[in-house]
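Engineer: Following is a predicted model, sequence given first.
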Amino acid sequence: MNDLDLRIAAGEYDTTRALFDGSVTVNGVRSVHVSTAATLPEIFQALLRGDVDVCEFGLTFYLRTLDIDASFVAIPAFPNRVFRHSCVFVHADSGITQPSDLTGRSIGEFGIYGQDSGVWAKGILMDEYGFRPEQDRWVIGGLDHPMPPFEFTTHPHPDNVEVTAVPAGKTLSGMLETGEIDALFTANVPQPVLDGSPAIRRLFPDHEPIERDYYRRTGIFPMMHVIAAPRDVLAANPGLDRAVYRAFLQAKDAAAQQYCDSRRLYQVHHMLPWTNALFDRNDRLLPHDWWPYGVSANHKALDTYLRYHHEQGLSTRRWTIEKIFAPDLLET
């Protein structure tokens, strides 16, 4: 392993910043090169093309590879998490004011049917509000720029779920703004919303209290992505999976410590006002390690996601945690 020049690709978050600036590295390798891309799908494609050795990878994209050839192995580090009640948008004149109003509607989703954000949002709505995706018509395409469904991954969905592509030249955000679709499940905020369009609003306009209550009741902080590596790379470099896990963990912990240290100074290192009050409020709800890595602290959230993935017809089998992660990291 000490002759390995390791190539890593990931989003440049606070959880990964220490890897990018070199203050945290991967022990036991000759060199580390960390890169990113303009969009997360581009990062995922770098792994699929073999351009990198270790990569941030969407959970659903990883599970889809397991159903094909199991050529990648997941490492239980989760650099990207978001509570997803906030990711469902509706056309303002659609008459949708609550989850039950989604029945029989046309709903957009970015890139694929069953993106990580959509898996979580659908699953939560199914568990808590009786939502049934098969009762709707799903339209897949680009959010703010025209594009076909992703070509670099598979597109499974149940036979009783209607899934079509966005018409050529159109975008999901544009179709939602004009009312051509009734709702949208998205990982990113649509540009018309950022521009203040009155034609689009969230299904849960005051989503923070709902998401906090969801966490209080379930203990689940949804993760979108894992770290993954080609199986043959890990096999050729014993101990690499653990070294990579430790590096991502150290980078995340370094970011968390910065927030904790900045608390004394009212978070003056950040431009957002009232950040310190938000930190205090979160401290009363979340555990000390509010963004945990490893299997044990994330067992319930991971198992819930695996259940959702299978229930939504995206996996050919009900995967278990023991089958999707590097075996020597299961005790983390």
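Structural biologist: Done, it's in.
Engineer: how's this structure carved up into domains?
Structural biologist: 5-81+223-324, 85-218 (automatic domain parsing).
Engineer: out of those domains, nearest to residue 331?
Structural biologist: Residue 331 sits nearest to domain 5-81+223-324 of all the domains of the chain, at 7.4 Å, using Cβ to Cβ. C-betas here are computed from N, CA, C, even on glycine.
Engineer: Okay, and residue 73 sits in which element?
Structural biologist: Counting by DSSP states H and E, the element that carries residue 73 is strand 72-75.
Engineer: Contacts for that strand, please.
Structural biologist: 47, 54, 57, 62, 65-66, 226-231, 234, 241, 244-245, 248, 324-326, 329 (Cβ atoms under 8 Å, 6 or more residues apart in numbering).
Engineer: could you dump the domains of the chain to TSV with mean pLDDT and mean neighbour count?
Structural biologist: As requested, the domains of the chain are exported to TSV (pLDDT from 0 to 100; neighbours: other Cβ atoms under 10 Å):
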stretch	mean pLDDT	mean neighbour count
domain 5-81+223-324	96	18
domain 85-218	97	18
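Engineer: Residue 219: what's it in contact with?
Structural biologist: So residue 219 contacts 300-301 (Cβ under 8 Å, 6+ apart).
Engineer: Let the chain start at 186 from now.
Structural biologist: All set: I'll call the first residue 186, so the last point we hit is now residue 404.
Engineer: Now it, what are its backbone angles?
Structural biologist: The phi/psi pair for residue 404 (degrees, to the nearest 10) reads phi 70, psi 10.
Engineer: hmm, back to that, which helix or strand lies directly C-terminal to the strand holding residue 258?
Structural biologist: Following strand 257-260 in sequence, per DSSP H and E, is strand 273-276.
Engineer: who does that following strand touch, helix- and strand-wise?
Structural biologist: The contact analysis (3 or more Cβ pairs under 8 Å, 6 or more residues apart in numbering; DSSP states H and E) places strand 273-276 against helix 357-363, strand 368-370, strand 385-387.
Engineer: The ones you listed: which one's closest to residue 267?
Structural biologist: Closest among the helices and strands packed on strand 273-276, using Cβ to Cβ: strand 368-370, at 12.6 Å.
Engineer: could I get the helix or strand containing residue 491 in PDB with only the CA atoms?
Structural biologist: Assigned by DSSP H and E, residue 491 belongs to helix 484-496. C-alpha atoms of helix 484-496 as PDB (Å, rounded to 0.1, in the frame of the first residue of the first chain):
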ATOM      1  CA  HIS A 484     -27.600   1.400  12.000                       C
ATOM      2  CA  LYS A 485     -31.200   2.500  12.200                       C
ATOM      3  CA  ALA A 486     -30.900   5.100   9.500                       C
ATOM      4  CA  LEU A 487     -29.100   2.700   7.200                       C
ATOM      5  CA  ASP A 488     -31.500  -0.100   7.700                       C
ATOM      6  CA  THR A 489     -34.400   2.300   7.100                       C
ATOM      7  CA  TYR A 490     -32.900   3.400   3.800                       C
ATOM      8  CA  LEU A 491     -32.300  -0.200   2.700                       C
ATOM      9  CA  ARG A 492     -35.900  -1.000   3.500                       C
ATOM     10  CA  TYR A 493     -37.100   2.000   1.500                       C
ATOM     11  CA  HIS A 494     -34.900   1.200  -1.400                       C
ATOM     12  CA  HIS A 495     -36.400  -2.300  -1.600                       C
ATOM     13  CA  GLU A 496     -40.000  -1.300  -0.900                       C
END
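Engineer: Which strands or helices does the very next helix or strand once past it pack on?
Structural biologist: Note on helix 484-496: by DSSP H and E, the next helix or strand toward the C-terminus is helix 506-509. The contact analysis (3+ Cβ pairs under 8 Å, 6+ apart) places helix 506-509 against helix 244-251, helix 484-496.
Engineer: which residue is nearest the middle of this protein?
Structural biologist: The centroid of the chain falls nearest to residue 409 when counting by Cα atoms, centre = their mean (2.0 Å).
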